[in-house]
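Participant: sequence below, structure please.
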Amino acid sequence: MGLELSYIYGQTPISEEEKDGLLIETIATRGELNEFEQQNIESAVEWTLRQNFNADKILTIDFITEVHRRMFNRVWKWAGTFRRTNKNIGVDKFQISQELKVLLDDCKYWIENKTYSHDEIAVRFKHRLVKIHPFPNGNGRHSRLCADILISHVFRKKVFSWGGADLIQPSESRKKYLKAIYKADQGEIEPLISFARS
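Facilitator: The predicted structure follows:
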């Protein structure tokens, strides 16, 4: 029968080819998929808590892909690999590595030159990362965890609350989050910073 998914506003559809990468054949619904992914993500978060990363380690393509792999490797074969299809969001699939390199270099510059506040650096990093959309799925969750790693490991501050809600479910928090993302797309980053700390 295969995995039949419905999508809520703001979610990136998974292609049929990408669905073939599902490792747990018994998953048939969005709810089951979310549950297995959440368990996988929790183990990735635990991994980050046992580590001590610095900016030089975090701001590499290898680290960015490793975080995604650890978040989704029990659910998807393609965890930690860049998407091979274009989506309704993100850069062209052939530009992912190049755009990530630019982002990582920019973020190093922001840190070294104290261009923005700590929170703004981490949130700008998250926003640009999700805008690149490197992976077939999980980009929002991945970019939020990367921002949390940056703020907690590099700046030694508390991780973000991201509205204190499950942002993959339809909710007021998700609406506020997407609105803040769209404002950031227009160059207005403050609502996303405020949401991250709400």
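Participant: every contact and neighbour count from this point should use C-alpha atoms.
Facilitator: OK.
Participant: give me the longest helix you can find in this structure.
Facilitator: Ranked by number of residues, the top helix in the chain under DSSP state H is helix 30-49.
Participant: on contacts alone, who are the packing partners of it?
Facilitator: For helix 30-49, the packing partners by 3 or more Cα pairs under 8 Å, 6 or more residues apart in numbering; DSSP states H and E come out as helix 61-72.
Participant: can you give me the buried ones in the helix it packs on?
Facilitator: Across helix 61-72, burial judged by 16 or more other Cα atoms under 10 Å covers I64, T65, E66, V67, H68, R69, R70, M71, F72.
Participant: contact partners for the fifth one?
Facilitator: For H68, the residues meeting the contact criterion (Cα atoms under 8 Å, 6 or more residues apart in numbering) are A79, G80, G138, H142.
Participant: just the ones of those residues in strands?
Facilitator: Among the contacts of H68, none falls in strands (DSSP state E).
Participant: quick check, nearest of those residues to I111?
Facilitator: Among those, H142 lies closest to I111 (Cα to Cα), at 20.7 Å.
Participant: mind listing what's buried in the worst-scoring helix or strand of the chain on mean pLDDT?
Facilitator: Sorting the helices and strands of the chain by mean pLDDT, DSSP states H and E puts helix 16-19 at the bottom, at a mean of 84. Buried positions in helix 16-19, judged by neighbour count with 16+ other Cα under 10 Å: E18, K19.
Participant: with stretch 161-170 instead?
Facilitator: W162, G163, L167.
Participant: average model confidence for stretch 139-154?
Facilitator: Across stretch 139-154, pLDDT averages out at 97.
Participant: no further queries at this time; thank you.
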